[in-house]
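>>> generate coordinates for the sequence data below:
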Amino acid sequence: MRIIQAVAAPSSHLFHFIHFLTYLTYYLHHAVLFYMYIFWSPQMKKQLKPTALQLLECYCFKPVPEFGHRSGSTQEIL
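Okay, the predicted model is just below:
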């Protein structure tokens, strides 16, 4: 009986650790469910690859002048 009282006492370190683990498990479980709902859905699987390819094309495969950068230094103007 004393062991149960020692573990279940709200002021004990073990109680706080177990309480923390339950919250961690709870939120991790919901994070996994959210990830599966978003990224493993059939609609997202259809859209994920084309969207990723468009982002790569937009940000990685364009030359620098298309982004509006100048070829010279901006300090030369001053």
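
>>> in the chain, which spans are strands?
Taking DSSP state E as the criterion, the chain contains no strands.

>>> which other helices and strands contact the longest helix along it?
The longest helix of the chain (DSSP state H) is helix 13-39. Packing partners of helix 13-39 (3 or more CB pairs under 8 Å, 6 or more residues apart in numbering; DSSP states H and E): helix 2-8. (Each C-beta comes from the backbone N, C-alpha and C, glycine too.)

>>> report how many residues lie close to Phe15.
Using other CB atoms under 10 Å, Phe15 is surrounded by 14 other residues.

>>> now it: how far from Ile3?
13 Å (CB to CB, to the nearest Å).

>>> with Leu14 instead?
10 Å.

>>> so for those two, which sits in the more crowded spot?
More neighbours surround Leu14 than the other of Leu14 and Ile3, with 11 against 7 (other CB under 10 Å).

>>> and the pLDDT for that one?
Model confidence at Leu14, given as pLDDT, is 84.

>>> do Thr74 as well
59.
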